[in-house]
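Peer 1: return a 3D structure for these sequence lines:
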Amino acid sequence: MMISAVRRWAIGVLLFGAAEAVPVTGWVATNGDAAFVGQTAATSSPVTTSADADTVAGGFAPVTLAVGESLTLTGTVVITGNSGGIPGNQFRWGLFNAPGTPANGAGSNYVGVWVAAPSAGNADLVTANGSTANPFSGSASTVVSRAGDLDGPPPRFGEELSFSLTLTRLNAAEISAEATLSNGVGLLIEWPATVAPASPANFTYNAAAFLLGGTIDATQAAFTNVEVTSSQPSSDRDGDGMPDDYESANGLNPAVPDGDDDLDGDTLSNLAEYLGPDGTPNSGDETLPNESDSDGDGLSDALELANGTNPLLADSDNDGLSDGVETGTGQFVNLSDTGTDPLDADTDGDGVSDGVELGDGTDPNDAASNLDEHFLAIDFNRNDALGSPSQSGFRVVAGASTSSLNEDRYSKNFGPVKVILSQPDEAKLEFRGANSDGSRAIPGGDTSLAFLVCDFVGTRQGTLDLTFANLPAGTYVLRSYHLDPFTSDNLGFAQGSSPTTPNTIQTSIGGTVLGSVQPTALGSAGWNTTFIDDGMIPVIGTGFSHDGTGDLTVRFTAIESNGDDAFLLLNGFQLFRSK
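Peer 2: As a prediction, this is how the structure comes out:
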């Protein structure tokens, strides 16, 4: 059950009072040999006369953060002089405590937090200790957070980039830091709120600085609206650690210190519910102080925290069953006592989620209940060579390892049932052939699932359709096998020693998602079949019923792209029919 918008507002009520943006002024070149021209107190777009001035800074009235207070740097910049993506880490921005007012040619002893914009991939949020003449020196910094480029494209020359950096004092020794970069169309990069040691230790900031490094210098950058905004926490008249407006919104008394009380009787104090398990207010994990069961799943907030389930999510494992009915006993009693694990969407590990099993009338605690008649199975291989591993009841789909030589669909007849493999856009399929089929050791003999993942048919488009024609009426379970995360443009096997981004695979019928799995690379050289056993093979389970009329299509979709392509590698499947 979703928490209503009204109840979520009560949890995330504004914690800060009115704030005013102040421009950053007095721009200087901290490590260059020339000052800015035309500078005035209102200057928000510095121009330098020196190509050496790669680090620039401006000042503002010193701000010393109290516990709960925040300081945010915002602004825009256009960097010109080239085309394409800006090289990685060559634009950086930060909030610092400078030794007095920032001065031309003086960049030593800057202490604070700064951010680097990457060309792609991961970038860093770091703290600077002020030990060098360059505030952005890597030797004077400690990485506190790393975040990926969400949308793929890097920041580009000539486009207006909006940046932000927010620092919040949490306590006597720590801050929370978060940052974003966008291009006016979408969010390019987001560094999530991260707890870090205070930098500087006195929580005082008086400067904003920017690095334009490598092949970029400050003459190429035009800044606008560079401002800092400080936000003060709302009042806490009774000194119980909870702001007055939060208390009023959640049924507490802002005039009485009731932080240690328990308004809703769930054994969690009001203050503990305001702070949340991570001890940081307004971070998204706070429970309701006036509702013992914040997510309405029948379990108290305290019990869910003790059991490891999410007190703000009625279905912690997203299997379609409320946490309150998943009792974890391993024995199904009824729909109110399923015996399933509330932290495992597929308790019996048969590849079909607990919720789907209950809908199909099978036991989610017993894998055998779902796998009755072994109806048919296919391994995808590029040829029908007799030397390939063989297993009774399995067949192969023929194709070439070069996509241009293949068809846009392949089909096989199994008695009256026809199995058709295709792409929605009718593009030609891509295959990878078997490795030394005649000599490969397949552990487990004829019953090993390793046979089903030895060879695959692949696509770069992210979607494959598996269509069954003339499938008899019945209740079925389709189990398919995947091990292949990808980032490179090579459609070979995933290499365990190479950088990979797991690409979650989903199955759906008629637009309804029925299963998912996140593949994993196995072994330093990919798939060494001499040591892989069935328990290491990721499985998608898809349960469905068919009335025996018309074709039935199971769609496999890679829901996250890896670079420019969305790789989807389908190894094979088994189809079971309930008796």
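Peer 1: show me what contacts residue 262?
Peer 2: If you count contacts by C-beta atoms under 8 Å, 6 or more residues apart in numbering, residue 262 has them with 268, 269, 270. Just so you know, the C-beta spots here come from the backbone N, C-alpha and C atoms, and that holds for glycine as well.
Peer 1: out of those, who has the most neighbours?
Peer 2: For those, the largest neighbour count, defined by other C-beta atoms under 10 Å, is 25 neighbours, found at residue 270.
Peer 1: that residue is in contact with residue 242, isn't it?
Peer 2: Yes - using C-beta atoms under 8 Å, residue 270 is in contact with residue 242, at 6.8 Å.
Peer 1: overlap in contacts, those two.
Peer 2: By the contact definition C-beta under 8 Å, 6+ apart, residue 270 and residue 242 are jointly contacted by 252, 259.
Peer 1: just to revisit the earlier point, let me have the contacts of residue 262 in JSON lines, extended by secondary structure, distance to residue 362 and pLDDT.
Peer 2: Shown next, in JSON lines, are the contacts of residue 262 (DSSP: H, G, I helix; E, B strand; the rest coil; distance: C-beta to C-beta, whole Å; pLDDT from 0 to 100):
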{"residue": "268", "secondary structure": "coil", "distance to residue 362": "38", "pLDDT": "95"}
{"residue": "269", "secondary structure": "coil", "distance to residue 362": "43", "pLDDT": "94"}
{"residue": "270", "secondary structure": "helix", "distance to residue 362": "44", "pLDDT": "94"}
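Peer 1: closest to residue 281 out of these?
Peer 2: residue 270 (12.3 Å; C-beta to C-beta).
Peer 1: once you drop chain neighbours, what's closest to the closest one?
Peer 2: Excluding its sequence neighbours, the residue lying closest to residue 270 (C-beta to C-beta, 6 or more residues apart in numbering) is residue 289, at 4.5 Å.
Peer 1: which residues does the one you found contact?
Peer 2: If you count contacts by C-beta under 8 Å, 6+ apart, residue 289 has them with 250, 251, 252, 263, 264, 268, 270, 273, 274.
Peer 1: do the same with residue 348
Peer 2: By C-beta under 8 Å, 6+ apart, residue 348 lies in contact with 357, 363, 364, 365, 366, 367, 369, 370.
Peer 1: let's see it at 6 Å
Peer 2: Residues counted as contacts of residue 348 (C-beta atoms under 6 Å, 6 or more residues apart in numbering) are 364, 365, 366, 367.
Peer 1: out of the residues you listed, who has the most neighbours?
Peer 2: Compared across these, residue 364 has the highest neighbour count, 29 neighbours, by other C-beta under 10 Å.
Peer 1: mind exporting stretch 338-355 as CSV, just the C-alpha atoms?
Peer 2: Presented in CSV, the C-alpha positions along stretch 338-355 are these (Å, rounded to 0.1, in the frame of the first residue of the first chain):
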residue,chain,number,x,y,z
THR,A,338,1.5,-17.5,3.4
GLY,A,339,4.7,-18.7,5.2
THR,A,340,6.8,-16.8,2.7
ASP,A,341,9.9,-14.6,3.3
PRO,A,342,8.9,-10.9,3.2
LEU,A,343,12.5,-10.1,2.1
ASP,A,344,12.6,-12.6,-0.8
ALA,A,345,10.3,-12.1,-3.7
ASP,A,346,10.8,-15.8,-4.7
THR,A,347,10.9,-17.8,-1.4
ASP,A,348,11.2,-21.2,-3.0
GLY,A,349,13.7,-20.1,-5.7
ASP,A,350,11.8,-21.6,-8.6
GLY,A,351,12.0,-18.3,-10.6
VAL,A,352,8.3,-17.3,-10.1
SER,A,353,7.5,-14.6,-7.5
ASP,A,354,5.5,-15.5,-4.5
GLY,A,355,2.5,-13.3,-5.5
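Peer 1: any idea of the mean pLDDT for it?
Peer 2: Per-region confidence: stretch 338-355 scores 86 on mean pLDDT.
Peer 1: buried ones in that stretch?
Peer 2: For stretch 338-355, a neighbour-count test (16 or more other C-beta atoms under 10 Å) marks 338-348, 350-355 as buried.
Peer 1: can you map out the helices along this structure?
Peer 2: 5-11, 244-249, 270-275, 301-307, 354-360 (DSSP state H).
Peer 1: for residue 283, which non-adjacent residue is closest in space?
Peer 2: residue 276 (6.1 Å).
Peer 1: so which of the helices of the chain comes closest to residue 156?
Peer 2: helix 5-11 (36.2 Å).
Peer 1: so residue 537 makes contact with residue 517?
Peer 2: No - applying C-beta atoms under 6 Å as the test, residue 537 and residue 517 come out as separate, 10.0 Å apart.
Peer 1: thinking again about what came up before, the residue nearest to residue 283 and residue 328, how far apart?
Peer 2: Remark: distance between residue 276 and residue 328 (C-beta to C-beta, to the nearest Å) = 25 Å.
Peer 1: so for those two, which residue has more residues nearby?
Peer 2: For residue 276 versus residue 328, the count of surrounding residues by other C-beta under 10 Å is larger for residue 276: 19 against 14.
Peer 1: for the more buried one, give its distance to residue 315.
Peer 2: Residue 276 is 20 Å from residue 315, by C-beta to C-beta.
Peer 1: cool, and residue 272?
Peer 2: With the distance defined as C-beta to C-beta, residue 272 ends up 24 Å from residue 315.
Peer 1: show me what stretch 74-90 is in contact with.
Peer 2: Here stretch 74-90 makes contact (C-beta under 6 Å, 6+ apart) with 116, 118-119, 154-158, 160-162, 164, 213-214, 216, 220-227.
Peer 1: identify the residues contacting the residue nearest to residue 298 when sequence neighbours are not counted.
Peer 2: Setting aside the residues directly before and after it, residue 298 is nearest to residue 324 in space (C-beta to C-beta, 6+ apart), at 3.0 Å. When contacts are counted by C-beta under 6 Å, 6+ apart, residue 324 touches 297, 298, 299.
Peer 1: between the residues you listed, which is nearest residue 574?
Peer 2: Distance to residue 574 across those (C-beta to C-beta) is lowest for residue 297, with 34.3 Å.
Peer 1: isn't the closest one up against residue 325?
Peer 2: No - in this structure, residue 297 is not within contact of residue 325 by C-beta under 6 Å, at 8.5 Å.
Peer 1: how about the contacts made by residue 423?
Peer 2: Applying C-beta under 6 Å, 6+ apart to residue 423 gives the contacts 459, 461.
Peer 1: quick check: it vs residue 309, distance?
Peer 2: Counting by C-beta to C-beta, the gap from residue 423 to residue 309 is 40 Å.
Peer 1: returning to that earlier point: rank the helices of the chain by mean pLDDT and give me the bottom one.
Peer 2: Looking at those, the bottom one is helix 5-11 with a mean of 24.
Peer 1: the closest residue to residue 119 other than its chain neighbours: neighbouring residues, count only.
Peer 2: Nearest non-adjacent residue to residue 119, counting by C-beta to C-beta, 6+ apart: residue 88, 3.6 Å away. By the measure other C-beta under 10 Å, the count of residues near residue 88 is 18.
Peer 1: try the one 5 residues further on
Peer 2: When neighbours are defined as other C-beta under 10 Å, residue 93 has 26 of them.
Peer 1: that one and residue 163 touch, don't they?
Peer 2: Yes - counting by C-beta under 6 Å, residue 93 touches residue 163, with 5.3 Å between them.
Peer 1: ranges for the strands of the stretch 451-579 of the chain?
Peer 2: Ranges of strands within the stretch 451-579 of the chain are 456-459, 463-469, 474-481, 505-509, 512-517, 539-546, 552-558, 568-570, 572-577, based on DSSP state E, counting those that start in this stretch.
Peer 1: tilt between the third one and strand 572-577?
Peer 2: Compare the direction of strand 474-481 with that of strand 572-577 by axes from the mean of the first three to the mean of the last three C-alpha atoms, to 10 degrees and you get 160 degrees.
Peer 1: for strand 474-481, C-alpha coordinates in CSV please.
Peer 2: In CSV, the C-alpha atoms belonging to strand 474-481 read as follows (Å, rounded to 0.1, in the frame of the first residue of the first chain):
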residue,chain,number,x,y,z
GLY,A,474,-3.3,-24.7,-19.4
THR,A,475,-1.4,-23.0,-16.6
TYR,A,476,2.3,-22.7,-17.4
VAL,A,477,5.6,-21.6,-15.9
LEU,A,478,8.4,-20.4,-18.2
ARG,A,479,11.9,-20.4,-16.7
SER,A,480,14.7,-18.6,-18.6
TYR,A,481,18.3,-18.2,-17.8
